[in-house]
Each structure stands twice: as structure tokens, then as C-alpha cells.
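Student: Got a predicted structure plus its sequence, pasted below:
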Amino acid sequence: MRGGGQGRRADAITRRGVMLVLSSPSGAGKTTLSHKLLASDPVITLSISVTTRPRRADEVDGRDYHFIDAARFETMRRGGELLEWATVFDNCYGTPRIPVEQAITAGRDVLFDIDWQGTQQLREKARSDLVSVFVLPPSVEELERRLHSRALDSHTVIAGRMGKAVDEMSHWAEYDYVIVNRDLDSAFAKVQAILAAERVRRERQTGLTEFVRGLQAGV
């Protein structure tokens, strides 16, 4: 998990962190939006998933994923070490529990780049901490164009991703917020607005009671 303190002032109100999920079909923009958010906001950190998928040439173990074998993944799953897990294209992905819980308790926000299956599991385990956003492409044609422009996968794999996108998009109604990514800057501004609002939700500001009592005592 990427580090980064909260930069909290001494007089700031203590709060519990937000678990922010960004989901979308491959190519709709969630990964680009995630990178922009991490680069611009020092308060949020990325949850680094474990995966059994082979590492790509441009990926770094511990930065993009923790790459592990199937046996280790099964041990973590059975031992309750994963907050969520899913199988995608015959590869397993999961979120280590302890780093996320430590960050949230310390008031740091955690960003998740996961699919609807993982989001569903997080909702069951930590609904009050979760804020979920689903990103839709503006059209099927644009989605396919973006997948081809990445030049990361074969035509066969892209065809499979397009077929899976139909199923993934059917889960849009399970999310708190839905953004249509017609323009990257506009979509990013909406993600920022959602996070800003959720950070000041009353129940997340665990230090409000103490703060208000201090105000009352000073009257």
C-alpha cells in the first residue's frame, strides 16, 4: 500500500478514513482516474491487491500488485486475511485486510481499483466505511477503441473483455455513484467532489463530539 500521511493540523477534527471504490469495465477509465487521484491527493493511499496473474513487463511487484502463487492465495483466503477476493479471467485477486483496517482507523483514505464482485464483499463487511463509484464509457464503440489503443492485449483477449463488459455494466445500480466518462477532466472533477463530500459526512468525523463540547465550553 502506498504511504502518505494525512498532513492533519493539530486543531483538525479527527475522522475515520473512507474506503473509495472505483469500478468499471476494462477501458472505461477507472485506472486512469485512480492514477490522477493518487497523484493529486496526498491524503489517499492505494490498496495494493494480491493476485495470481502473471506480472506484465511494465509492472512492479508491491507497486501494482503483490504477485503470489495460487497456494499462497488460497492460504490467505482461508485464513481470513482478505477483505474481498474474486476470480477474473482465471486469475485470482484479493485485498489484504490488515493494511486497509490500519489506514482507515488512522484517518487515511484508501482507494480500491476492483470489480463489482469485490465491491459487493466490501459492502457486506464494511458498509459504513465504503463509498462506491461506477465508471461507464460513453459508448460501446468508444470502449472498444480504448481497449485497442492500449495495445496491451490480443484481439482475442479484447473480444473477451468486450463480452464481459456487458455483464459488468449490469451492476451499475449497486453503486453509490455513477459517472459517465465522456471527458477525463470532467469525470475526475466528479470523483474529487464525491470524495470531498464523503470526507465530511457527520458519522465519519469521529472527533466532532469533542470539538463541539470545546466550542460550547468556550461560550
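Tutor: Received the coordinates, thanks.
Student: Return the helix or strand in the chain with minimum mean pLDDT.
Tutor: Within the chain, judged by mean pLDDT, DSSP states H and E, the helix or strand with the poorest mean is helix 140-150; its value is a mean of 65.
Student: Report the contact partners of residue 66.
Tutor: Contacts were defined as CB atoms under 8 Å, 6 or more residues apart in numbering; by that measure residue 66 touches 48-51, 96. All C-beta atoms are positioned from the backbone trio N, CA, C, and that covers glycine.
Student: Show me which of these is closest to residue 114.
Tutor: Set against residue 114, the nearest of these by CB to CB is residue 49 (7.2 Å).
Student: For the closest one, list the residues it contacts.
Tutor: Listed by CB under 8 Å, 6+ apart, the contact partners of residue 49 are 65-66, 93-96, 113-114.
Student: can I get those in CSV with secondary structure and pLDDT?
Tutor: Rendered in CSV, the data for the contacts of residue 49 read as follows (DSSP: H, G, I helix; E, B strand; the rest coil; pLDDT from 0 to 100):
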residue, secondary structure, pLDDT
65, strand, 93
66, strand, 96
93, strand, 92
94, strand, 93
95, strand, 95
96, strand, 95
113, strand, 85
114, coil, 85
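Student: May I ask which of the residues you listed has the most neighbours?
Tutor: For those, neighbours were counted by other CB atoms under 10 Å; the highest total belongs to residue 114, with 26 neighbours.
Student: shouldn't that residue be in contact with residue 19?
Tutor: No. Distance between residue 114 and residue 19: 10.5 Å, which falls outside the contact criterion (CB atoms under 8 Å).
Student: Common neighbours of these two, please.
Tutor: Contact with both residue 114 and residue 19 is made by residues residue 122, according to CB under 8 Å, 6+ apart.
Student: re the thing from before, got the contacts of residue 49 as CSV, with distance to residue 185 columns?
Tutor: CSV is the format used below for the contacts of residue 49 (distance: CB to CB, whole Å):
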residue, distance to residue 185
65, 28
66, 32
93, 29
94, 32
95, 29
96, 33
113, 20
114, 24
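Student: list the contacts for residue 206?
Tutor: Residues in contact with residue 206 (CB under 8 Å, 6+ apart) are 14-16.
Student: same question, residue 59
Tutor: Taking CB under 8 Å, 6+ apart as the definition of contact, the neighbours of residue 59 are residue 65.
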